[in-house]
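Colleague: My questions concern the predicted model and sequence given below.
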Amino acid sequence: MTWIKDCLIAGDKKGVKTAKEQIKSWFDCNDVKILNKLVGFKIEHDEASIMLLQGFEDKFKCKAGKGMVPAEAGGVLMKKSDQEKALSEGEQTHYSSGVRKLLHTMHWSRPEIYNARRDLSSYMITGTIQAHVKAMERVKKNCLSTRERGLELRPELEWTRNPEFKLMIFGRPDSD
């Protein structure tokens with residue numbers, strides 16, 4: 001497995017080498033060799049599979065929460081009322097950054113946080129409140145408490161260059 005510019009190539013060593021040579025002949029690009037991180041995600045791989053795992057505990061100092069689901073049952077995020085204090089500029093930046101990271105997490109390794117992340121995204125503009133930050137932290141804690149979960153790409157059979165070849169994607173959601 002290797003990463004060239006905006007292209008991830010995975011396969012047997014000979015196939016990867018051939019693909020890299022072809023791409024390099026067509027485009028000016030850099031080969032960064034073995035890929036272990038991508039957009040803040042940890043990548044674990046062996047000869048048979050690739051696993052994409054979230055990795056935001058490095059940027060956001062957050063601790064795992066035991067037995068947490070991404071969103072509170074029956075919980076609904078509401079707009080800021082006139083009596084509630086808006087977030088400071090720094091708090092708003094932290095919130096927006098956290099929600100953007102959850103967007104990447106949802107796309108690349110944790111599709112089960114979609115609903116919670118969608119609700120949080122509705123309050124990205126100035127005016128969010130502490131309840132929104134608390135809900136964001138809950139989703140992050142859920143992801144951290146289940147950090148071994150992610151998307152796993154693993155072929156069931158050896159590729160025979162047949163265009164009908166199927167690649168299995170394994171995941172383990174927290175919800176029904």
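Modeller: Everything's here; your move.

Colleague: So what's the residue count around S122?
Modeller: By other CB atoms under 10 Å, 12 other residues sit near S122. For every residue, glycine as well, the C-beta is placed using N, CA and C.

Colleague: Hmm, it is touching M78, no?
Modeller: No. Shown here, S122 and M78 do not form a contact pair, counting by CB atoms under 8 Å, at 10.2 Å.

Colleague: helix/strand/coil for L151?
Modeller: Per DSSP: H, G, I helix; E, B strand; the rest coil, the secondary structure class of L151 is strand.

Colleague: okay, now it: neighbour count?
Modeller: L151, neighbours per other CB under 10 Å, totals 18.

Colleague: and if you look at I23?
Modeller: I23, neighbours per other CB under 10 Å, totals 15.

Colleague: Rounded mean pLDDT for the helix or strand that contains it, please.
Modeller: Take DSSP states H and E as the rule and I23 turns out to sit in helix 13-26. In this model, helix 13-26 carries a mean pLDDT of 85.

Colleague: Distance check, the most centrally placed residue in the chain against K37.
Modeller: Centroid-nearest residue in the chain, with CA atoms, centre = their mean: T105, separated by 1.9 Å. Distance from T105 to K37, counting by CB to CB, to the nearest Å: 14 Å.

Colleague: hey, where'd the strands end up in the chain?
Modeller: 2-4, 7-9, 37-38, 41-45, 50-53, 150-155, 167-170 (DSSP state E).

Colleague: For those, give me JSON lines that also has mean pLDDT.
Modeller: As requested, those are exported to JSON lines (pLDDT from 0 to 100):
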{"stretch": "strand 2-4", "mean pLDDT": "48"}
{"stretch": "strand 7-9", "mean pLDDT": "72"}
{"stretch": "strand 37-38", "mean pLDDT": "72"}
{"stretch": "strand 41-45", "mean pLDDT": "76"}
{"stretch": "strand 50-53", "mean pLDDT": "74"}
{"stretch": "strand 150-155", "mean pLDDT": "72"}
{"stretch": "strand 167-170", "mean pLDDT": "65"}
